[in-house]
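Asker: Sharing a sequence plus its predicted fold:
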Amino acid sequence: MMLLATLAHALLMELGAAGEDVGLDRLLKTNTSTKRTLSLFRQGLRCYELIPNMPTQRLCTLMKAIDERARRHPVFSLLVGVVED
């Protein structure tokens, strides 16, 4: 159970980082703030909540960013390789 919780936490943090890479973080914070106001985990949770109603173009951009981050990550790259085979 602890392993699943750890994996879910890591995936949500990666989703938050990918969202930050493509600029979704600017939609989650006030326009006067210049630094991060939500942790990557919180940003990942918010992005995950927004996925069902997200416009297709923005969703495609986010998924490409997640894919690229997963390929660079040492552990997640193993999972991506298993899925592609």
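Answerer: Arrived safely. Keep in mind that what you see is a predicted model, and the values were worked out from it rather than measured.
Asker: Residue 16 touches residue 48, doesn't it?
Answerer: No: counting by C-beta atoms under 8 Å, residue 16 stays clear of residue 48, with 9.0 Å between them. Bear in mind the C-beta positions are built from the backbone N, C-alpha and C, glycine included.
Asker: More neighbours: which of the two?
Answerer: Neighbour totals were compared for residue 16 and residue 48, and residue 16 leads with 25 against 14 (other C-beta atoms under 10 Å).
Asker: so how far is residue 42 from the more buried one?
Answerer: 7 Å (C-beta to C-beta, to the nearest Å).
Asker: The one helix or strand residue 49 maps to: which residues count as buried?
Answerer: Secondary structure assigned from DSSP states H and E places residue 49 in helix 40-50. By neighbour count, with 16 or more other C-beta atoms under 10 Å as the criterion, the buried positions of helix 40-50 are 40, 43-47, 50.
Asker: what's the model's confidence in that helix, averaged?
Answerer: Helix 40-50 shows an average pLDDT of 91 in the prediction.
Asker: Just give me how far it sits from the chain centre.
Answerer: Its chain's C-alpha centre and that of helix 40-50 lie 7 Å apart, by C-alpha atoms, centre = their mean, to the nearest Å.
Asker: packing partners for it?
Answerer: helix 2-22, helix 25-28 (3 or more C-beta pairs under 8 Å, 6 or more residues apart in numbering; DSSP states H and E).
Asker: No further queries at this time; thank you.
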